[in-house]
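>>> this one's sequence-less:
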């Protein structure tokens, strides 16, 4: 079982404040290192928190408000200056390719690696390899914006070698057993899979709620995930302001977590009006107990 | 006499490293607060070093390599989010207006203040008000790049009130005296200006050398300034690499300072290959003694 955790690089909304940076997270899942949103100074935060950024091959940008992507061009050009040759894939709503190309053109920059822009337009599967798959879901925000769900693929069952030998099963069949199949001996005896294999750990799931107004339509999308990140730009007393700006409050985020039956909730995207964040945790925990603040530099296990 | 100093917000070249940020400086001169270059995270550095950014109405961008302007869009949008209404003027080589407009358009951002882009194309005066004037000079770099010279205007002479009264000069003539004129009494007697006024402090000058290869053609432009910032991307042993990349070394920067007879030199734009910067100062000081490193957060008097 590979490690599964999220490292918070930035958790502030709109304007940086109180030494809090705009939104960015790094997800370790299924052996992949994935960047989710990339606010200004993300590359500097990566250095500070010792992220192995060369392992990142896929970047998911929820929407094109600056506090979620202004750090992208700096990261892209730094990769070039550091001699990256591996392809880089960037998933976002439409417009980013033109912008990044214009930046590169103005600076006379020729990257030594290939950039691939994947435009997200509607709910669905946007990435899949042999380790993970990623789905997106449109949130309700001021501009096109998408939540992401990252799912580890089901791990193969583990071989109980002692039991296989005791049952005379040739090693050539192990791969077949890992997929959950029973084994039939030459004598026609069925050896049930669960007697010669061990269940792998359950695959982990992480949902990144992006910027959104309180929206129960998102519940099925994030249902039962191990960890849900949901924005909480405001405390509960500013629910009206949150709605007017297409953002959410503590209680709203926690309500989504509760109704979606997630295992754990992490909240962030704090408004610059708040210096102290303790009240965010208190208000959310009153609705959904297993909640953590998205504090920069913290790693949250999935 | 108003204060005159430069605050260093960032001094690293290309890629941020060792907690050093890309280039940005804030200049206090003639009562104006001016931003020179705006690398990524400049707005965050402004918060850290308590720069009164609302006093900035003029931003000078030397060239469109990312380490000199990637922080601009974040600053521009933050000004908007914080309710700025004062016009903002941005001086740079061509291309920035189109890029910033594309950023704003993608984010659906309507600024509550007016942005003015002034395209710099050749040597000359690019800004002047009643306090300062700014000239630019094309450096030799990989793309269009300009050095800037910021000059306080000559301050008016100070009135020696006691002497004016002793000479029966009406107060209505003080303004005339401040400009350096003599006074003629009704009896036709000439009262020399210097007997009734006091010389003001000399106006201060700051030259920002931007990115450049060693270029003696710049010497007349920066001649005799109070403070010269000159890039020193590399130590002297890498003069060939510096030239190949259109950058300068410690010795080259100091040689320009010496030949231009400037009062003081500040060096920066250090390559990410150097963790320790002590050798930069040693090498430059061997050629031009009055030199200081552009360390983030330091204020350098002019």
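Noted; the coordinates are in hand. None of these values were measured; they are calculated from a predicted model.
>>> Tell me if residue A:206 really is in a helix.
No. Residue A:206 is assigned strand when assessed by DSSP: H, G, I helix; E, B strand; the rest coil, not a helix.
>>> Can you name the next helix or strand after the lowest-mean-pLDDT helix or strand in chain A?
Counting by mean pLDDT, DSSP states H and E, chain A has its least confident helix or strand at helix A:174-178, which shows a mean of 89. The element immediately downstream of helix A:174-178 (helix or strand, assigned by DSSP states H and E) is strand A:183-184.
>>> What strands flank that next one, and is each parallel or antiparallel?
strand A:190-191 (antiparallel) (DSSP bridges).
>>> Please enumerate residues in contact with the strand it pairs with?
Strand A:190-191 is contacted from outside by A:167, A:169, A:182, A:183, A:184, A:185, using CB atoms under 8 Å, 6 or more residues apart in numbering or on different chains. For the C-beta atoms, the positions are set from N, CA and C on the backbone; glycine is no exception.
>>> Quick check: closest non-adjacent residue to the residue of the stretch 201-302 of chain A found nearest chain B.
Using CB to the nearest CB, residue A:272 is the residue of the stretch 201-302 of chain A that sits closest to chain B, at 8.4 Å. Excluding its sequence neighbours, the residue lying closest to residue A:272 (CB to CB, 6 or more residues apart in numbering or on different chains) is residue A:17, at 3.7 Å.
>>> what residues are up against the closest residue to residue A:92 other than its chain neighbours?
Setting aside the residues directly before and after it, residue A:92 is nearest to residue A:61 in space (CB to CB, 6+ apart), at 3.7 Å. With contact set as CB under 8 Å, 6+ apart, residue A:61 has these partners: A:37, A:38, A:68, A:69, A:72, A:90, A:91, A:92, A:93, A:96.
>>> Residue A:207 versus the fifth one, what's the distance?
With distances defined as CB to CB, to the nearest Å, the gap from residue A:72 to residue A:207 amounts to 22 Å.
>>> per-residue confidence for the nearest residue to residue A:49 once chain neighbours are set aside?
Among residues not flanking residue A:49 along the chain, residue A:297 sits closest, at 5.3 Å (CB to CB, 6+ apart). Predicted confidence (pLDDT) at residue A:297: the value is 96.
>>> Dihedrals phi and psi, the nearest residue to residue A:223 once chain neighbours are set aside?
Excluding the flanking residues, the one nearest residue A:223 by CB to CB, 6+ apart is residue A:260, at 4.8 Å. Dihedral pair for residue A:260: phi -90, psi 0, per degrees, to the nearest 10.
>>> From what I see, residue A:260 and residue A:226 are in contact.
No. Using CB atoms under 8 Å, residue A:260 is not in contact with residue A:226; the gap is 11.7 Å.
>>> Among those two, which residue is more densely surrounded?
residue A:260 (22 against 18; other CB atoms under 10 Å in any protein chain shown).
>>> Residues of the stretch 51-200 of chain A that sit close to chain B?
A:64-66, A:70-71, A:73-74, A:77-78, A:81-82, A:95-96, A:98-99, A:102-103, A:106-109, A:142-143 (CB under 8 Å from any CB of the partner chain).
>>> so of those residues, which ones are in helices?
In helices, defined here by DSSP state H, the members of these are A:73, A:74, A:77, A:78, A:81, A:96, A:98, A:99, A:102, A:103, A:106.
>>> how close does the fifth one get to residue A:113?
The one in question is residue A:81. For residue A:81, the distance to residue A:113 - CB to CB - is 11 Å.
>>> Between the two, which is the more surrounded one?
Applying other CB under 10 Å to residue A:81 and residue A:113 shows that residue A:81 carries more neighbours, namely 16 against 13.
>>> Could you tell me the end-to-end distance of stretch A:263-273?
Terminal residues of stretch A:263-273 lie 30 Å apart, using CA to CA, to the nearest Å.
>>> May I see the buried residues of that stretch?
Neighbour-count burial for stretch A:263-273, counted by 16 or more other CB atoms under 10 Å in any protein chain shown, picks out A:264, A:265, A:266, A:267, A:268, A:269, A:270, A:271, A:272.
>>> Assign a three-state SS to residue A:112, would you?
Following three-state DSSP, we place residue A:112 in the coil state.
>>> hang on, the earlier thing: where does the residue nearest to residue A:272 fall, phi/psi-wise?
Main-chain torsions, residue A:17, degrees, to the nearest 10: phi -160, psi 150.
>>> Just confirm it contacts residue B:47, I think it does.
Yes. With contact defined as CB under 8 Å, residue A:17 reaches residue B:47; the gap is 7.3 Å.
>>> Surely residue A:298 and residue A:9 touch.
No. Taking contacts as CB under 8 Å, residue A:298 lies outside contact range of residue A:9: 10.2 Å.
>>> who's more crowded, those two?
Neighbour count, other CB under 10 Å: between residue A:298 and residue A:9, residue A:9 has more, with 29 against 15.
>>> Pretty sure that one sits against residue A:22.
No. Between residue A:9 and residue A:22 there is no contact under CB under 8 Å: 9.3 Å.
>>> what's the overlap in contacts for those two?
Common neighbours of residue A:9 and residue A:22 (CB under 8 Å, 6+ apart) are residue A:39.
>>> rewinding a little: between which two of the ones in helices among the residues of the stretch 51-200 of chain A next to chain B is the distance greatest?
A:81 and A:98 (22.4 Å; CB to CB).
>>> hang on, the earlier thing: neighbour count, pLDDT and distance to residue B:293 for the contacts of strand A:190-191 - can I get that in a markdown table?
Output for these, formatted as a markdown table (neighbours: other CB atoms under 10 Å in any protein chain shown; pLDDT from 0 to 100; distance: CB to CB, whole Å):
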| residue | neighbour count | pLDDT | distance to residue B:293 |
| --- | --- | --- | --- |
| A:167 | 14 | 92 | 73 |
| A:169 | 19 | 93 | 70 |
| A:182 | 13 | 93 | 72 |
| A:183 | 20 | 93 | 72 |
| A:184 | 10 | 92 | 77 |
| A:185 | 11 | 89 | 78 |
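>>> between those, which is nearest residue B:239?
Within these, the smallest distance to residue B:239 is 70.0 Å, found for residue A:169 (CB to CB).
>>> Tell me how far the residue of chain A found nearest chain B lies from residue B:133.
In chain A, the residue that lies nearest chain B is residue A:41 (4.0 Å; CB to the nearest CB). Noted for residue A:41: a distance of 34 Å to residue B:133, by CB to CB.
>>> circling back: just the buried residues from the ones in helices among the residues of the stretch 51-200 of chain A next to chain B, in PyMOL please.
With 16+ other CB under 10 Å as the burial test, the buried ones among those are selected in PyMOL as follows:
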select buried, chain A and resi 73+74+77+78+81+96+99+102+103+106
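>>> Locate the residue of chain A with the greatest distance from its centre.
Distance from the centre of chain A peaks at residue A:187, with 49.3 Å (CA atoms, centre = their mean).
>>> residues contacting that one?
Applying CB under 8 Å, 6+ apart, no residues contact residue A:187.
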